[in-house]
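Asks: just need the structure, nothing else, for what follows:
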Amino acid sequence: MFDGYEEKTYRKVVIAFLTVTLFNIVLDIIAFGSTGWMVRSVRALNNTNETTIRYQSGIFVACGPDSCANMILNEGAMVAAAMLIMGMITRCSCFILALLTMLKQIQANPQTAKLSFISGIFNVITVGWFGAYLLHTHAFEHGVSFGYSFALTCVVAILSIGISFLLGWERRHE
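Replies: Numbering: from 1, shown residues only. Predicted coordinates for the structure are as follows:
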């Protein structure tokens, strides 16, 4: 099927795929559980001092300067959470399929590349839906901006889609 050079190249690509996919899973877990989706900074005047109070919100929890509270999930947060969960499930499936293929238990390269692409699309939908929800609720007009979890989800989408093309390109001869 392959000569020695092609097999070594393929193993390197699969190892890179596994590494990036595992990294994406970790970033997904951080983004899912953190309070860094939305950030709002408010300036407060106390007699002579001016302080900035920072509020952060995740999908499930909102935090102020002193405490955090569970949020009642609105439509935007529910759809974002569902799409993020679907992305994590498909990404974990990608990791398992790529690992089994590398260990020569099964032959699932085209499916793995396609599933990785789909997992990235789930993250694109998450980002799009959450951004559209904030636009719809006029949150940006009240000083809300995107946080680091939103950025992590964007990075995961780009990496998932990019690595799917790399794996698909490597096995184009099958």
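Asks: contact partners for residue 32?
Replies: 59, 81, 84-85, 88 (C-beta atoms under 8 Å, 6 or more residues apart in numbering). Just so you know, the C-beta spots here come from the backbone N, C-alpha and C atoms, and that holds for glycine as well.
Asks: before we move on, which element is the most centrally placed residue in the chain in?
Replies: By C-alpha atoms, centre = their mean, the chain has its centre lying nearest to residue 153, at 3.2 Å. According to DSSP states H and E, residue 153 maps onto helix 148-170.
Asks: now do the buried residues in the one helix or strand residue 81 maps to.
Replies: Using DSSP H and E, residue 81 falls within helix 75-102. By 16 or more other C-beta atoms under 10 Å, the buried positions in helix 75-102 come out as 76-77, 79-81, 83-84, 86-88, 90-95, 97-99, 101-102.
Asks: re earlier: which one of the contacts of residue 32 is nearest to residue 164?
Replies: residue 88 (15.7 Å; C-beta to C-beta).
Asks: following element in sequence after the helix ranked longest in the chain, please.
Replies: For the chain, the helix with the greatest residue count under DSSP state H is helix 4-33. Per DSSP H and E, helix 4-33 leads on to strand 38-46 as the next helix or strand towards the C-terminus.
Asks: what angle sits between that next one and helix 148-170?
Replies: With axes from the mean of the first three to the mean of the last three C-alpha atoms, to 10 degrees as the basis, strand 38-46 and helix 148-170 are set at 160 degrees to each other.
Asks: packing partners of the helix or strand following strand 38-46?
Replies: Counting by DSSP H and E, the element after strand 38-46 in chain order, helix or strand, is strand 49-57. On a contact count with 3 or more C-beta pairs under 8 Å, 6 or more residues apart in numbering; DSSP states H and E, strand 49-57 meets strand 38-46, strand 61-63.
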